[in-house]
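1. quick one: sequence plus predicted model below, questions after.
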Amino acid sequence: MLEAIRRAMAFLRQKQLLHRLGVVISIAVIGIACYVLYHMLRGIDTNEVLEAIKSTEPRQIMLAGLFVAAGYFTLTFYDLFAVRAIGHAHVPYRINALAAFTSYSIGHNVGASVFTGGAVRYRIYSAWGLNAIDVAKICFLAGLTFWLGNAAVLGLGIAYHPEAAANIDQLPPWLNRTLAFGIIIALVAYVVWVWTQPRVVGRGPWTVTLPGGPLTLLQVAIGIVDLGFCALAMYVLVPDEPNLGFVVVAVIFVSATLLGFASHSPGGLGVFDAAMLVGLWQMDREDLLGGMLLFRLLYYIAPFVISVILLTFREVIVGARLKRLPQTDSGPRAEPHHEAVLVRKRGDSGV
(Lines give C-alpha, C1' and ligand atoms only; values in the text may rest on other atoms or scores of the structure.)
Protein backbone atom coordinates (compact mmCIF):
# COMPACT_ATOMS: atom_id res chain seq x y z
CA MET A 1 0.00 0.00 0.00
CA LEU A 2 2.74 2.46 1.00
CA GLU A 3 4.75 1.58 -2.09
CA ALA A 4 1.73 2.27 -4.29
CA ILE A 5 1.29 5.67 -2.63
CA ARG A 6 4.98 6.48 -3.19
CA ARG A 7 4.73 5.54 -6.87
CA ALA A 8 1.61 7.66 -7.30
CA MET A 9 3.28 10.66 -5.65
CA ALA A 10 6.41 10.20 -7.80
CA PHE A 11 4.26 10.14 -10.95
CA LEU A 12 2.42 13.30 -9.90
CA ARG A 13 5.70 15.09 -9.15
CA GLN A 14 7.20 13.99 -12.47
CA LYS A 15 4.24 15.40 -14.39
CA GLN A 16 4.18 18.52 -12.17
CA LEU A 17 0.54 17.76 -11.44
CA LEU A 18 0.90 18.51 -7.73
CA HIS A 19 2.17 22.02 -8.46
CA ARG A 20 -0.60 22.68 -10.96
CA LEU A 21 -3.21 21.28 -8.60
CA GLY A 22 -1.91 23.53 -5.82
CA VAL A 23 -2.17 26.59 -8.06
CA VAL A 24 -5.72 25.68 -9.08
CA ILE A 25 -6.75 25.17 -5.45
CA SER A 26 -5.23 28.50 -4.41
CA ILE A 27 -6.98 30.39 -7.22
CA ALA A 28 -10.28 28.65 -6.46
CA VAL A 29 -10.07 29.45 -2.74
CA ILE A 30 -9.22 33.11 -3.41
CA GLY A 31 -11.98 33.42 -6.02
CA ILE A 32 -14.64 31.98 -3.73
CA ALA A 33 -13.41 34.17 -0.85
CA CYS A 34 -13.64 37.34 -2.99
CA TYR A 35 -17.18 36.41 -4.04
CA VAL A 36 -18.22 35.78 -0.44
CA LEU A 37 -16.56 38.96 0.82
CA TYR A 38 -18.26 41.04 -1.85
CA HIS A 39 -21.68 39.87 -0.70
CA MET A 40 -20.88 39.88 3.02
CA LEU A 41 -19.41 43.39 3.08
CA ARG A 42 -22.13 45.10 1.06
CA GLY A 43 -23.91 47.56 3.28
CA ILE A 44 -21.15 47.60 5.90
CA ASP A 45 -20.96 50.93 7.72
CA THR A 46 -17.27 51.78 8.11
CA ASN A 47 -18.10 54.30 10.83
CA GLU A 48 -19.65 51.53 12.89
CA VAL A 49 -16.56 49.36 12.35
CA LEU A 50 -14.33 52.19 13.60
CA GLU A 51 -16.66 52.74 16.53
CA ALA A 52 -16.48 49.05 17.38
CA ILE A 53 -12.68 49.27 17.44
CA LYS A 54 -12.75 52.39 19.62
CA SER A 55 -15.22 50.82 22.05
CA THR A 56 -13.03 47.76 22.61
CA GLU A 57 -11.81 47.84 26.18
CA PRO A 58 -8.04 48.25 26.68
CA ARG A 59 -8.16 45.21 28.95
CA GLN A 60 -9.39 43.06 26.05
CA ILE A 61 -6.66 44.34 23.74
CA MET A 62 -3.97 43.74 26.36
CA LEU A 63 -5.26 40.24 27.07
CA ALA A 64 -5.39 39.42 23.35
CA GLY A 65 -1.85 40.79 23.00
CA LEU A 66 -0.66 38.50 25.79
CA PHE A 67 -2.24 35.50 24.08
CA VAL A 68 -0.59 36.48 20.79
CA ALA A 69 2.77 36.80 22.54
CA ALA A 70 2.25 33.38 24.14
CA GLY A 71 1.41 31.94 20.71
CA TYR A 72 4.59 33.31 19.16
CA PHE A 73 6.56 32.05 22.16
CA THR A 74 5.15 28.58 21.49
CA LEU A 75 6.17 28.94 17.82
CA THR A 76 9.81 29.12 18.90
CA PHE A 77 9.57 25.51 20.02
CA TYR A 78 8.71 24.49 16.44
CA ASP A 79 12.26 25.40 15.44
CA LEU A 80 13.85 24.22 18.69
CA PHE A 81 12.29 20.80 18.18
CA ALA A 82 13.17 20.61 14.47
CA VAL A 83 16.79 21.72 14.89
CA ARG A 84 17.36 19.20 17.68
CA ALA A 85 15.63 16.48 15.64
CA ILE A 86 18.10 16.83 12.75
CA GLY A 87 21.09 16.69 15.11
CA HIS A 88 22.19 20.32 15.51
CA ALA A 89 22.00 20.69 19.26
CA HIS A 90 24.84 23.24 19.22
CA VAL A 91 22.42 25.95 18.00
CA PRO A 92 21.23 27.80 21.11
CA TYR A 93 17.57 28.39 21.88
CA ARG A 94 17.78 32.16 21.33
CA ILE A 95 18.78 31.53 17.69
CA ASN A 96 15.88 29.08 17.30
CA ALA A 97 13.58 31.71 18.80
CA LEU A 98 14.87 34.45 16.48
CA ALA A 99 14.57 32.25 13.39
CA ALA A 100 11.09 31.01 14.28
CA PHE A 101 9.66 34.39 15.25
CA THR A 102 11.04 36.31 12.27
CA SER A 103 10.38 33.59 9.68
CA TYR A 104 6.78 33.07 10.73
CA SER A 105 5.89 36.75 11.20
CA ILE A 106 7.44 37.70 7.84
CA GLY A 107 6.07 34.62 6.08
CA HIS A 108 2.58 35.30 7.44
CA ASN A 109 2.58 38.83 6.00
CA VAL A 110 4.44 38.37 2.71
CA GLY A 111 2.72 35.11 1.75
CA ALA A 112 4.18 31.89 0.28
CA SER A 113 5.54 31.27 3.77
CA VAL A 114 7.37 28.10 2.74
CA PHE A 115 9.74 30.19 0.61
CA THR A 116 9.84 33.50 2.47
CA GLY A 117 10.12 31.83 5.88
CA GLY A 118 12.71 29.43 4.53
CA ALA A 119 14.83 32.32 3.22
CA VAL A 120 14.77 34.04 6.61
CA ARG A 121 15.67 30.80 8.37
CA TYR A 122 18.57 30.17 5.99
CA ARG A 123 19.99 33.64 6.59
CA ILE A 124 20.02 33.00 10.34
CA TYR A 125 20.94 29.31 10.52
CA SER A 126 23.67 29.45 7.85
CA ALA A 127 25.73 31.53 10.29
CA TRP A 128 25.67 28.49 12.60
CA GLY A 129 26.92 25.98 10.06
CA LEU A 130 23.59 24.74 8.68
CA ASN A 131 23.22 24.42 4.93
CA ALA A 132 20.20 24.73 2.65
CA ILE A 133 19.29 21.06 3.06
CA ASP A 134 19.33 21.39 6.85
CA VAL A 135 17.04 24.41 6.64
CA ALA A 136 14.70 22.53 4.32
CA LYS A 137 14.51 19.73 6.89
CA ILE A 138 13.77 22.26 9.62
CA CYS A 139 10.95 23.74 7.54
CA PHE A 140 9.57 20.26 6.92
CA LEU A 141 9.59 19.23 10.59
CA ALA A 142 8.19 22.60 11.72
CA GLY A 143 5.44 22.27 9.14
CA LEU A 144 4.75 18.73 10.33
CA THR A 145 4.30 20.05 13.88
CA PHE A 146 1.89 22.69 12.56
CA TRP A 147 -0.23 20.19 10.65
CA LEU A 148 -0.28 17.63 13.45
CA GLY A 149 -1.52 20.33 15.83
CA ASN A 150 -4.17 21.44 13.33
CA ALA A 151 -5.33 17.88 12.83
CA ALA A 152 -5.68 17.37 16.57
CA VAL A 153 -7.53 20.64 17.18
CA LEU A 154 -9.87 20.25 14.22
CA GLY A 155 -10.52 16.57 14.88
CA LEU A 156 -11.31 17.00 18.55
CA GLY A 157 -13.13 20.31 18.10
CA ILE A 158 -15.38 19.19 15.26
CA ALA A 159 -16.08 15.85 16.94
CA TYR A 160 -17.25 17.78 20.02
CA HIS A 161 -19.16 20.49 18.13
CA PRO A 162 -19.73 19.50 14.45
CA GLU A 163 -22.20 22.36 13.92
CA ALA A 164 -19.31 24.87 14.12
CA ALA A 165 -17.65 23.47 11.00
CA ALA A 166 -21.02 23.20 9.25
CA ASN A 167 -21.19 27.00 9.17
CA ILE A 168 -18.16 27.01 6.83
CA ASP A 169 -18.25 23.77 4.83
CA GLN A 170 -22.09 23.60 4.67
CA LEU A 171 -22.01 19.87 5.39
CA PRO A 172 -24.50 18.19 7.74
CA PRO A 173 -23.25 17.86 11.35
CA TRP A 174 -23.27 14.05 11.24
CA LEU A 175 -20.92 14.07 8.23
CA ASN A 176 -18.63 16.61 9.88
CA ARG A 177 -18.44 14.45 13.00
CA THR A 178 -17.66 11.40 10.85
CA LEU A 179 -14.87 13.29 9.10
CA ALA A 180 -13.57 14.47 12.49
CA PHE A 181 -13.36 10.92 13.78
CA GLY A 182 -11.56 10.01 10.55
CA ILE A 183 -8.98 12.75 11.25
CA ILE A 184 -8.50 11.50 14.81
CA ILE A 185 -8.11 7.89 13.65
CA ALA A 186 -5.56 8.96 11.01
CA LEU A 187 -3.64 10.94 13.62
CA VAL A 188 -3.59 7.99 16.02
CA ALA A 189 -2.53 5.67 13.19
CA TYR A 190 0.36 8.00 12.33
CA VAL A 191 1.53 8.07 15.96
CA VAL A 192 1.42 4.26 16.11
CA TRP A 193 3.23 4.04 12.76
CA VAL A 194 6.19 6.15 13.90
CA TRP A 195 6.18 4.53 17.35
CA THR A 196 6.70 0.95 16.16
CA GLN A 197 10.04 1.56 14.41
CA PRO A 198 12.14 4.43 12.96
CA ARG A 199 10.53 5.89 9.86
CA VAL A 200 12.50 7.68 7.17
CA VAL A 201 11.26 9.90 4.34
CA GLY A 202 13.20 11.39 1.44
CA ARG A 203 16.27 10.18 -0.41
CA GLY A 204 19.98 10.78 -0.22
CA PRO A 205 20.98 13.96 1.61
CA TRP A 206 17.29 14.94 1.80
CA THR A 207 16.53 12.00 4.10
CA VAL A 208 14.63 12.90 7.26
CA THR A 209 14.04 10.53 10.14
CA LEU A 210 10.57 11.20 11.47
CA PRO A 211 10.25 11.79 15.23
CA GLY A 212 9.24 8.66 17.12
CA GLY A 213 6.02 8.13 19.04
CA PRO A 214 6.79 10.14 22.22
CA LEU A 215 8.32 13.02 20.24
CA THR A 216 5.35 13.03 17.87
CA LEU A 217 3.03 13.42 20.86
CA LEU A 218 5.21 16.36 21.89
CA GLN A 219 4.77 17.82 18.39
CA VAL A 220 1.00 17.46 18.70
CA ALA A 221 1.07 19.16 22.11
CA ILE A 222 3.15 22.08 20.80
CA GLY A 223 0.77 22.56 17.87
CA ILE A 224 -2.32 22.42 20.11
CA VAL A 225 -0.91 24.98 22.57
CA ASP A 226 0.09 27.32 19.74
CA LEU A 227 -3.32 27.21 18.08
CA GLY A 228 -5.04 27.42 21.45
CA PHE A 229 -3.34 30.71 22.31
CA CYS A 230 -4.12 32.17 18.87
CA ALA A 231 -7.76 31.12 19.13
CA LEU A 232 -7.95 32.64 22.62
CA ALA A 233 -6.67 35.96 21.23
CA MET A 234 -9.43 35.95 18.62
CA TYR A 235 -12.04 34.83 21.16
CA VAL A 236 -11.22 37.80 23.39
CA LEU A 237 -11.72 40.25 20.49
CA VAL A 238 -14.94 38.93 18.91
CA PRO A 239 -18.28 40.33 20.13
CA ASP A 240 -19.55 39.07 23.48
CA GLU A 241 -23.07 38.53 22.11
CA PRO A 242 -24.15 36.02 21.12
CA ASN A 243 -21.80 33.98 23.30
CA LEU A 244 -21.05 30.97 21.09
CA GLY A 245 -18.39 29.52 23.37
CA PHE A 246 -14.67 29.10 22.92
CA VAL A 247 -14.84 25.73 21.11
CA VAL A 248 -17.03 27.12 18.32
CA VAL A 249 -14.80 30.16 17.79
CA ALA A 250 -11.66 27.97 17.93
CA VAL A 251 -12.95 25.50 15.30
CA ILE A 252 -14.00 28.32 12.96
CA PHE A 253 -10.73 30.19 13.58
CA VAL A 254 -8.55 27.16 12.80
CA SER A 255 -10.63 26.33 9.71
CA ALA A 256 -10.34 29.92 8.49
CA THR A 257 -6.58 29.87 9.15
CA LEU A 258 -6.12 26.70 7.10
CA LEU A 259 -8.15 28.12 4.21
CA GLY A 260 -5.99 31.25 4.32
CA PHE A 261 -2.87 29.09 4.35
CA ALA A 262 -4.13 27.12 1.33
CA SER A 263 -4.68 30.34 -0.62
CA HIS A 264 -1.03 31.45 -0.12
CA SER A 265 -2.28 35.05 0.06
CA PRO A 266 -0.40 37.36 2.45
CA GLY A 267 -1.82 36.78 5.91
CA GLY A 268 -4.66 34.81 4.34
CA LEU A 269 -6.04 38.23 3.39
CA GLY A 270 -9.60 37.97 2.16
CA VAL A 271 -9.84 34.21 2.59
CA PHE A 272 -9.43 34.16 6.37
CA ASP A 273 -11.80 37.11 6.71
CA ALA A 274 -14.48 35.58 4.50
CA ALA A 275 -14.37 32.28 6.41
CA MET A 276 -14.66 34.08 9.75
CA LEU A 277 -17.62 36.16 8.56
CA VAL A 278 -19.40 33.09 7.21
CA GLY A 279 -18.60 30.92 10.23
CA LEU A 280 -19.62 33.53 12.80
CA TRP A 281 -22.67 34.79 10.91
CA GLN A 282 -24.63 35.13 14.16
CA MET A 283 -22.45 38.04 15.29
CA ASP A 284 -22.85 41.67 14.31
CA ARG A 285 -20.73 42.12 11.19
CA GLU A 286 -19.36 45.55 12.09
CA ASP A 287 -18.36 44.41 15.58
CA LEU A 288 -16.83 41.23 14.22
CA LEU A 289 -14.87 43.14 11.57
CA GLY A 290 -13.57 45.47 14.26
CA GLY A 291 -12.31 42.51 16.29
CA MET A 292 -10.72 40.91 13.23
CA LEU A 293 -8.89 44.14 12.36
CA LEU A 294 -7.52 44.36 15.90
CA PHE A 295 -6.41 40.73 15.66
CA ARG A 296 -4.58 41.46 12.40
CA LEU A 297 -2.85 44.40 14.05
CA LEU A 298 -1.72 42.27 17.00
CA TYR A 299 -0.92 39.01 15.22
CA TYR A 300 0.35 40.16 11.83
CA ILE A 301 1.39 43.82 11.65
CA ALA A 302 3.05 44.31 15.06
CA PRO A 303 5.18 41.11 14.88
CA PHE A 304 6.13 41.95 11.28
CA VAL A 305 7.44 45.38 12.29
CA ILE A 306 9.31 43.88 15.26
CA SER A 307 10.84 41.19 13.02
CA VAL A 308 12.09 43.74 10.47
CA ILE A 309 13.70 45.74 13.30
CA LEU A 310 15.30 42.61 14.80
CA LEU A 311 16.69 41.41 11.48
CA THR A 312 18.02 44.87 10.65
CA PHE A 313 19.65 45.11 14.08
CA ARG A 314 21.16 41.64 13.62
CA GLU A 315 22.58 42.48 10.18
CA VAL A 316 24.18 45.65 11.54
CA ILE A 317 25.82 43.74 14.42
CA VAL A 318 27.04 40.87 12.22
CA GLY A 319 28.36 43.31 9.62
CA ALA A 320 30.25 45.29 12.28
CA ARG A 321 31.80 42.11 13.68
CA LEU A 322 32.90 40.94 10.25
CA LYS A 323 34.69 44.24 9.68
CA ARG A 324 36.75 43.58 12.81
CA LEU A 325 37.96 40.19 11.54
CA PRO A 326 41.66 39.92 10.51
CA GLN A 327 42.23 41.43 7.06
CA THR A 328 43.71 39.73 3.99
CA ASP A 329 44.77 41.18 0.65
CA SER A 330 41.26 40.60 -0.70
CA GLY A 331 39.42 42.00 2.31
CA PRO A 332 38.19 40.51 5.59
CA ARG A 333 39.42 36.97 6.13
CA ALA A 334 36.56 34.55 5.44
CA GLU A 335 35.55 32.52 8.45
CA PRO A 336 33.17 29.61 8.11
CA HIS A 337 30.02 30.02 10.16
CA HIS A 338 31.21 33.48 11.23
CA GLU A 339 28.45 34.10 13.75
CA ALA A 340 29.07 30.90 15.67
CA VAL A 341 32.83 31.59 15.64
CA LEU A 342 32.34 35.13 16.89
CA VAL A 343 29.97 33.98 19.59
CA ARG A 344 32.46 31.43 20.90
CA LYS A 345 35.16 34.10 20.93
CA ARG A 346 32.97 36.44 22.96
CA GLY A 347 31.77 33.98 25.53
CA ASP A 348 28.55 33.06 23.75
CA SER A 349 27.22 36.62 23.71
CA GLY A 350 26.38 37.03 20.03
CA VAL A 351 23.09 37.73 18.33
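-> Okay, I see it. Numbers count the residues shown, from 1 in each chain.
2. burial count for Asn131?
-> 11 (other Cβ atoms under 10 Å). Heads up, the C-betas are built off the backbone N, CA and C, glycines and all.
3. gap between it and Ala89?
-> 17 Å (Cβ to Cβ, to the nearest Å).
4. ditto for Pro214
-> Separation of Pro214 from Ala89 (Cβ to Cβ): 18 Å.
5. need the helices for the stretch 51-200 of the chain, in chain order.
-> Remark: helices assigned in the stretch 51-200 of the chain by DSSP state H, counting those that start in this stretch are 58-85, 93-110, 113-125, 132-160, 162-169, 173-196.
6. what residues does the shortest one touch?
-> By that I understand helix 162-169. 154, 157-158, 171-174, 176-177, 180, 247-248, 251-252, 255-256, 259, 275, 278-281 (Cβ atoms under 8 Å, 6 or more residues apart in numbering).
7. try 7 Å this time
-> 157-158, 172-173, 176-177, 180, 247-248, 251-252, 255, 275, 278-279, 281 (Cβ atoms under 7 Å, 6 or more residues apart in numbering).
8. can you select the buried ones from those in PyMOL?
-> Buried residues among these (16 or more other Cβ atoms under 10 Å), as a PyMOL selection:
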select buried, resi 157+158+176+177+180+247+248+251+252+255+275+278+279
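9. out of the contacts of helix 162-169, which comes closest to Lys137?
-> The nearest member of the contacts of helix 162-169 to Lys137, counting by Cβ to Cβ, is Ser255 at 28.8 Å.
10. any weak-confidence spans in this protein?
-> For the chain, applying pLDDT under 70 flags the ranges 1-45, 111-113, 263-268, 270, 325-351.
11. let's go with 50 and repeat that
-> 1-6, 8-9, 11-12, 15, 18, 329-336, 341-351 (pLDDT under 50).
12. and Gln170, how many neighbours?
-> With other Cβ under 10 Å as criterion, Gln170 counts 9.
13. tell me how far it lies from Ala275.
-> On the measure of Cβ to Cβ, Gln170 and Ala275 end up 12 Å apart.
14. can you check Gly107 too?
-> In terms of Cβ to Cβ, Gly107 sits 20 Å off from Ala275.
15. hmm, back to that, Tyr300 is nearest to which of the helices of the stretch 51-200 of the chain?
-> Counting by Cβ to Cβ, Tyr300 lies closest to helix 93-110 out of the helices of the stretch 51-200 of the chain; the figure is 5.6 Å.
16. what about Phe229, which SS state?
-> In terms of secondary structure, Phe229 is helix; the call rests on DSSP: H, G, I helix; E, B strand; the rest coil.
17. surely it is in contact with Ala70?
-> Yes. Judged on Cβ atoms under 7 Å, Phe229 makes contact with Ala70 at a distance of 4.4 Å.
18. contacting residues for the closest residue to Gly155 other than its chain neighbours?
-> Excluding the flanking residues, the one nearest Gly155 by Cβ to Cβ, 6 or more residues apart in numbering is Ile183, at 3.7 Å. When contacts are counted by Cβ under 7 Å, 6+ apart, Ile183 is found next to 151, 154-155.
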